[in-house]
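J.: when you get a sec, could you give me coordinates for this:
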Amino acid sequence: MQKKRNNETINRDDIVKYALKNKKSIDELRQMLTENGFRELYARLYRDCVFIWAIYHKKDLETVNAELEKINCRRI
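T.: Numbers count the residues shown, from 1 in each chain. Okay, here's the model as predicted:
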């Protein structure tokens, strides 16, 4: 799902990627997702579980993508 904002198309992955790069907290990420009309992270989804783990442990984007590849999920 994608949203338009100021003539730019953003998606949920863009917001997660921004949060990871800027070392945002899980609460800040949740707020950004809901403010932009996306669903919150859901720990029962493998991909979201990796995002939650990465935010809590301050992992970088390369580590997140490596973990996503291990479980056969799309990279961000």
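
J.: of all residues in this protein, which one is nearest the centre?
T.: In the chain, the C-alpha nearest the mean C-alpha coordinate belongs to V16, at 2.5 Å (CA atoms, centre = their mean).

J.: my guess is that one contacts R74. True?
T.: No - using CB atoms under 8 Å, V16 makes no contact with R74, being 11.7 Å away. In short, each C-beta sits where N, CA and C put it, glycine included.

J.: show the subsequent helix or strand relative to the lowest-mean-pLDDT helix or strand in the chain.
T.: The helix or strand of the chain with the poorest confidence is strand 2-5; it has a mean of 58 (mean pLDDT, DSSP states H and E). Sequence-wise, the next helix or strand downstream of strand 2-5 (DSSP states H and E) is strand 8-11.

J.: now do the contacts for K59.
T.: Contacts were defined as CB atoms under 8 Å, 6 or more residues apart in numbering; by that measure K59 touches 20, 53, 67.

J.: where does this protein dip in pLDDT?
T.: Along the chain, segments meeting pLDDT under 70 span 1-8.

J.: where along it do the helices fall?
T.: 12-21, 26-35, 46-56, 61-70 (DSSP state H).

J.: hmm, back to that, now the residue nearest to the centre of the chain: closest residue in space, sequence neighbours ignored.
T.: F51 (5.4 Å; CB to CB, 6 or more residues apart in numbering).
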